[in-house]
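Peer 1: Structure for this input, please:
(one chain, ligands or ions: 1)
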Amino acid sequence: MDFNMYQITIFISIILASLITPDAKMAFATPQKGKTEVLKFDSESDVAVALAKYTADLSAKFVKEKGSFSVVLSGGSLIDTLRVVPLDSEDSNFLLASRGFLSKVPIPPGNIYAINDKLSPEGAADDYEERLRRLVSSKVMPVSSASGFPKFDLMLLGMGPDGHIASLFPTRQQRYEKKRWVTFITDSPKPPPPRITFTFPVINSAAEIAMVVTGAELANTTKAVLHPHQGSPLLPAAEVSAEGELTWFLDKDAASKL
Ligand SMILES: *[C@@H]1O[C@H](CO)[C@@H](O)[C@H](O)[C@H]1NC(C)=O
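Peer 2: Coordinates of the predicted model:
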């Protein structure tokens, strides 16, 4: 696979809200909007291989169609936890992104948008959104004609046992944010407490979304999301839909209750 390094842009929504109040609001099961495909694999490494090929194929497709490809790496089990740690720290997902499976793809450092870890969570969210707004104003980043929100080519999402995606948790109000592109949380139920996250309107404006879920500890949640009981509260993971296609990458353990 040939990549032109200057065509690929990666956005790292590093997880970087203060009273913990369980949400009064509840979302109820509604039909998913976009297309959804569920792929099952024998092992986590088979998932990784398939995901790398899927990403490479999409990259080639988008570069051919429009001369660029944008990818967002977000939280959950995909990159374990996207932490608010200095970018030179070993567990920063900046490093994971540059050394992980995307290391096969040459990405110029200037095309990697990581959070500014010198700022407060609120400041980091504002700064990240502002950088994204500049990319939209300068027509580097397209917006969805359906939603008006920035449209990434690919979002890679993980899911937590509580059904959270990115840093949108079932019990935090950020999951209901409708205006902001990027928001922050200071009391994440999962450490570390402060995180920044893309909001649902941005996530669901992505052309393609991969939901990457492995491990038996996620089997119940996977079932609850893919086969929700009528009338039961909708988990954040169940509200993900891509403008194009949402593809679930499951290993056999995560798929064991389906
Ligand atoms: C999954 O659900 C089953 C039955 O509802 C329960 O016994 C089990 O403890 C759950 N597993 C996890 C990891 O939550």
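Peer 1: neighbours around Pro233, how many?
Peer 2: Pro233 has 16 neighbouring residues, counting by other C-beta atoms under 10 Å. (Each C-beta comes from the backbone N, C-alpha and C, glycine too.)
Peer 1: now the one 4 residues further on
Peer 2: The burial metric for Ala237, expressed as a neighbour count using other C-beta under 10 Å, is 26.
Peer 1: how much space between it and Asp46?
Peer 2: According to C-beta to C-beta, to the nearest Å, Ala237 stands 22 Å off from Asp46.
Peer 1: Also Arg172?
Peer 2: Taken as C-beta to C-beta, the span from Arg172 to Asp46 is 33 Å.
Peer 1: Compare neighbour counts for those two and give me the winner.
Peer 2: Neighbour totals were compared for Arg172 and Asp46, and Arg172 leads with 23 against 16 (other C-beta under 10 Å).
Peer 1: Unless I'm misreading it, the more buried one sits right up against Pro189, doesn't it?
Peer 2: Yes - between Arg172 and Pro189 a contact is recorded at 7.5 Å, counting by C-beta atoms under 8 Å.
Peer 1: who are the neighbours in contact with the residue nearest to Leu235 when sequence neighbours are not counted?
Peer 2: Nearest-residue entry for Leu235: Gly163, 2.9 Å, with adjacent residues in sequence omitted and distances by C-beta to C-beta, 6 or more residues apart in numbering. Listed by C-beta atoms under 8 Å, 6 or more residues apart in numbering, the contact set of Gly163 reads 170, 221, 224-225, 235-238.
Peer 1: could those go into JSON lines alongside pLDDT, secondary structure and distance to Glu245?
Peer 2: Below are the contacts of Gly163 laid out as JSON lines (pLDDT from 0 to 100; DSSP: H, G, I helix; E, B strand; the rest coil; distance: C-beta to C-beta, whole Å):
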{"residue": "Pro170", "pLDDT": "95", "secondary structure": "coil", "distance to Glu245": "25"}
{"residue": "Thr221", "pLDDT": "97", "secondary structure": "helix", "distance to Glu245": "21"}
{"residue": "Ala224", "pLDDT": "96", "secondary structure": "helix", "distance to Glu245": "22"}
{"residue": "Val225", "pLDDT": "96", "secondary structure": "helix", "distance to Glu245": "16"}
{"residue": "Leu235", "pLDDT": "96", "secondary structure": "coil", "distance to Glu245": "20"}
{"residue": "Pro236", "pLDDT": "96", "secondary structure": "helix", "distance to Glu245": "19"}
{"residue": "Ala237", "pLDDT": "96", "secondary structure": "helix", "distance to Glu245": "16"}
{"residue": "Ala238", "pLDDT": "96", "secondary structure": "helix", "distance to Glu245": "16"}
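Peer 1: Where in this structure is the helix or strand with the lowest mean pLDDT?
Peer 2: helix 93-99 (a mean of 47; mean pLDDT, DSSP states H and E).
Peer 1: Following the chain past that helix, name the next helix or strand.
Peer 2: strand 112-113 (DSSP states H and E).
Peer 1: Following the chain onward from that next one, which element is next?
Peer 2: The first helix or strand that comes after strand 112-113 along the chain, using DSSP H and E, is helix 121-137.
Peer 1: List the neighbours of that following helix that are in contact with it.
Peer 2: Residues contacting helix 121-137 (C-beta under 8 Å, 6+ apart): 11, 13, 16, 84, 113, 115-117, 119, 141-143, 150, 180-186, 194-196.
Peer 1: C-alpha coordinates for that helix, PDB please?
Peer 2: Output in PDB follows, covering the C-alpha atoms of helix 121-137 (Å, rounded to 0.1, in the frame of the first residue of the first chain):
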ATOM      1  CA  PRO A 121      -9.200  20.400  30.600                       C
ATOM      2  CA  GLU A 122     -11.500  23.300  29.700                       C
ATOM      3  CA  GLY A 123      -8.700  25.200  28.100                       C
ATOM      4  CA  ALA A 124      -7.500  22.100  26.200                       C
ATOM      5  CA  ALA A 125     -11.000  21.500  24.900                       C
ATOM      6  CA  ASP A 126     -11.400  25.100  23.700                       C
ATOM      7  CA  ASP A 127      -8.000  25.000  22.100                       C
ATOM      8  CA  TYR A 128      -8.600  21.700  20.400                       C
ATOM      9  CA  GLU A 129     -12.000  22.900  19.100                       C
ATOM     10  CA  GLU A 130     -10.400  26.200  17.900                       C
ATOM     11  CA  ARG A 131      -7.700  24.300  16.000                       C
ATOM     12  CA  LEU A 132     -10.400  22.200  14.400                       C
ATOM     13  CA  ARG A 133     -12.500  25.400  13.500                       C
ATOM     14  CA  ARG A 134      -9.400  26.800  11.800                       C
ATOM     15  CA  LEU A 135      -9.100  23.700   9.700                       C
ATOM     16  CA  VAL A 136     -12.700  24.000   8.700                       C
ATOM     17  CA  SER A 137     -12.500  27.700   7.900                       C
END
